[in-house]
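[1] Sequence and predicted model, in that order:
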Amino acid sequence: MGRGSHNRQLLEAYRGWSVHSQELLRISVTLSSPGDALLALWKVQRSQLSDIITLALKCSLRIQEEYGVRETEVGLTLRVKIGLSAGHISKVVVGDNKHQYFLVIGRAVDEVRLAQNLAKASEVILSPNCWELCNRNMIEIERIKDQRAMKVGNVECTISETEFDEFFWKCTEYLQHYPTGESDNGRLRFLLHLALLFQIDDNQPLEYLSELRPVTIVFVNLQFDESANTLHLCKAIHDANVKISNIIHVFSGKINKVFMFDKGCTFLCVFGLPGDKQADESTHALDSAFKIFNFCSETLMKIKLVSIGVTSGPVFCGVVGHRVRHEYTVIGQKVNLAARMMMYYPGLVSFAIFA
């Protein structure tokens with residue numbers, strides 16, 4: 001079994017722009033060795049945050065108990081670090097009438113990143129705001145030197161098992177469920193790659209979408225000035241998204257995802273997905289990277305720094321996640337290398353490709 005395919009199975013075991021504001025609890029689960037991160041969130045009312053934080057902590061400790069440190073068959077050691085934050089965020093949809101991308105921004109996103117960065121293997125860290133909002137009587141904590149975040153020791157269950165079951169079901173009643181219909185399916189098609197839509201429309205099993213294939217990865221990181229507010233960020237990210245899409249579309253490149261979890265905003269672009277293979281793919285990707293760098297550096301509102309990493313090689317391309325919530329993504333050493341180059345060489349276009 002290839003390393004990319006093995007990582008996918010392990011990940012599954014853990015498992016025009018518009019703006020909408022929400023109160024959310026956000027949990028970050030980081031698999032530290034491969035550098036992969038999973039993000040989960042609960043949409044709740046502010047009055048329900050304390051109960052849902054307790055529920056999320058129970059889930060986090062269960063994850064650490066079962067998967068905190070795990071040796072794999074291909075020689076990797078997975079160490080899980082978990083950070084939790086709670087508070088107000090904005091959900092943002094960027095893109096055009098052909099392709100759209102969803103991301104969340106706000107203080108809670110920044111805090112969950114900082115919390116998981118403070119965590120060591122098998123630890124759960126609460127952000128300062130999460131600690132303020134939680135039920136402190138049920139949580140054992142250990143203070144972190146020179147930090148306002150707290151390390152969780154345990155969640156004390158001061159009620160009986162029957163009462164806790166009632167508490168659990170009360171929490172699940174808070175959470176909104178979103179059954180999909182035909183109208184929802186139509187809107188979701190804007191989020192999918194065209195070649196995948198053809199396969200889905202042909203009723204092909206999802207496992208047939210998974211494969212190891214050579215691709216070229218382009219990671220683009222945008223860091224903004226501290227004075228940038230939500231509207232500044234939304235406008236800049238939308239403009240960047242449209243321009244990046246137009247640049248890479250000429251060479252059949254695709255934006256796989258857009259996210260705000262790491263510092264700033266990051267675009268993961270892929271050349272060579274099913275149905276998009278071209279000659280001189282790496283050369284086209286590198287040429288696109290320089291065009292993206294010049295546009296973002298010179299044009300975007302409140303931009304502070306643009307960093308791009310480009311790599312090429314075999315990666316896992318396929319469906320990852322639970323059967324009711326999954327996505328098409330790319331996983332592998334070349335993906336991780338591009339991300340690391342992007343962060344280790346700020347303000348530059350760095351590359352490790354093979355023509």
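    That came in fine, so what should we check first?

[2] show me where pLDDT drops low in this structure?
    Scanning the chain for pLDDT under 70 picks out 1-36, 156-165, 167-168, 170-202, 261-263, 324, 354-355.

[3] What are the boundaries of the strands in it?
    Counting by DSSP state E, the chain has strands at residues 18-31, 36-43, 69-71, 77-95, 100-105, 124-126, 139-143, 150-155, 211-224, 253-259, 265-271, 303-322, 325-331, 349-352.

[4] domains for the protein, by residue range?
    Split into domains by automatic domain parsing, the chain comes to 1-191, 192-355.

[5] ok, back up a step: can you add distance to Ala285 and mean neighbour count and give the strands of the chain back as JSON lines?
    Placement of C-beta: from N, CA and C, glycine included. Below are these laid out as JSON lines (distance: least, C-beta to C-beta, whole Å; neighbours: other C-beta atoms under 10 Å):
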{"stretch": "strand 18-31", "distance to Ala285": "27", "mean neighbour count": "19"}
{"stretch": "strand 36-43", "distance to Ala285": "22", "mean neighbour count": "18"}
{"stretch": "strand 69-71", "distance to Ala285": "34", "mean neighbour count": "12"}
{"stretch": "strand 77-95", "distance to Ala285": "21", "mean neighbour count": "23"}
{"stretch": "strand 100-105", "distance to Ala285": "19", "mean neighbour count": "19"}
{"stretch": "strand 124-126", "distance to Ala285": "37", "mean neighbour count": "29"}
{"stretch": "strand 139-143", "distance to Ala285": "46", "mean neighbour count": "13"}
{"stretch": "strand 150-155", "distance to Ala285": "42", "mean neighbour count": "18"}
{"stretch": "strand 211-224", "distance to Ala285": "4", "mean neighbour count": "22"}
{"stretch": "strand 253-259", "distance to Ala285": "7", "mean neighbour count": "20"}
{"stretch": "strand 265-271", "distance to Ala285": "5", "mean neighbour count": "23"}
{"stretch": "strand 303-322", "distance to Ala285": "6", "mean neighbour count": "21"}
{"stretch": "strand 325-331", "distance to Ala285": "13", "mean neighbour count": "17"}
{"stretch": "strand 349-352", "distance to Ala285": "9", "mean neighbour count": "18"}
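
[6] ok, Asp239 - contacts?
    Thr299, Leu300, Met301 (C-beta atoms under 8 Å, 6 or more residues apart in numbering).

[7] From Ile292, how far out is it?
    12 Å (C-beta to C-beta, to the nearest Å).

[8] for Val74, same thing?
    Between Val74 and Ile292 the distance is 34 Å, computed by C-beta to C-beta.

[9] more neighbours, those two?
    A count of neighbours by other C-beta atoms under 10 Å puts Ile292 above the other of Val74 and Ile292, at 23 against 12.

[10] so that one touches Ile308, yeah?
    Yes - contact criterion C-beta atoms under 8 Å: Ile292 and Ile308 qualify, at 6.6 Å.

[11] Show me whatever sits in contact with both of those two.
    Joint contacts of Ile292 and Ile308 (C-beta under 8 Å, 6+ apart) are Val218, Val220.

[12] residues contacting Cys134?
    Contact analysis of Cys134 by C-beta under 8 Å, 6+ apart lists Ser50, Ile53, Thr54, Leu57, Ala86, Leu126.

[13] repeat that with 6 Å
    Listed by C-beta atoms under 6 Å, 6 or more residues apart in numbering, the contact set of Cys134 reads Ser50, Ile53.

[14] Now do it against Pro128, distance only.
    For Cys134 relative to Pro128 (C-beta to C-beta), the value is 11 Å.

[15] again with Glu140
    18 Å.

[16] do the same with Tyr67
    As judged by C-beta to C-beta, Tyr67 and Pro128 stand 26 Å apart.

[17] cool, Ser210 as well?
    40 Å.

[18] Likewise for Ser60?
    17 Å.

[19] quick one: which of those two has more around it?
    More neighbours surround Ser60 than the other of Ser60 and Pro128, with 24 against 15 (other C-beta under 10 Å).

[20] show me what contacts that one?
    Contacts for Ser60 were tallied using C-beta under 6 Å, 6+ apart; they are Ile82, Val124.

[21] And Phe224, by the same measure?
    Taking C-beta under 6 Å, 6+ apart, we find Phe224 in contact with Lys302, Lys304.

[22] 8 Å - rerun?
    Counting by C-beta under 8 Å, 6+ apart, Phe224 has contacts His232, Leu233, Ala236, Gly264, Cys265, Lys302, Ile303, Lys304.

[23] Quick check: the farthest pair among those residues?
    Based on C-beta to C-beta, the longest span within the contacts of Phe224 runs between His232 and Gly264 and measures 12.8 Å.

[24] Give the residue from the two that has the larger number of neighbours.
    Gly264 (19 against 16).

[25] Any figure for the gap between the nearest residue to that one once chain neighbours are set aside and Thr266?
    Closest residue in space to Gly264, ignoring its immediate chain neighbours: Gln223 at 3.7 Å, by C-beta to C-beta, 6 or more residues apart in numbering. Gln223 is 10 Å from Thr266, where distance means C-beta to C-beta.
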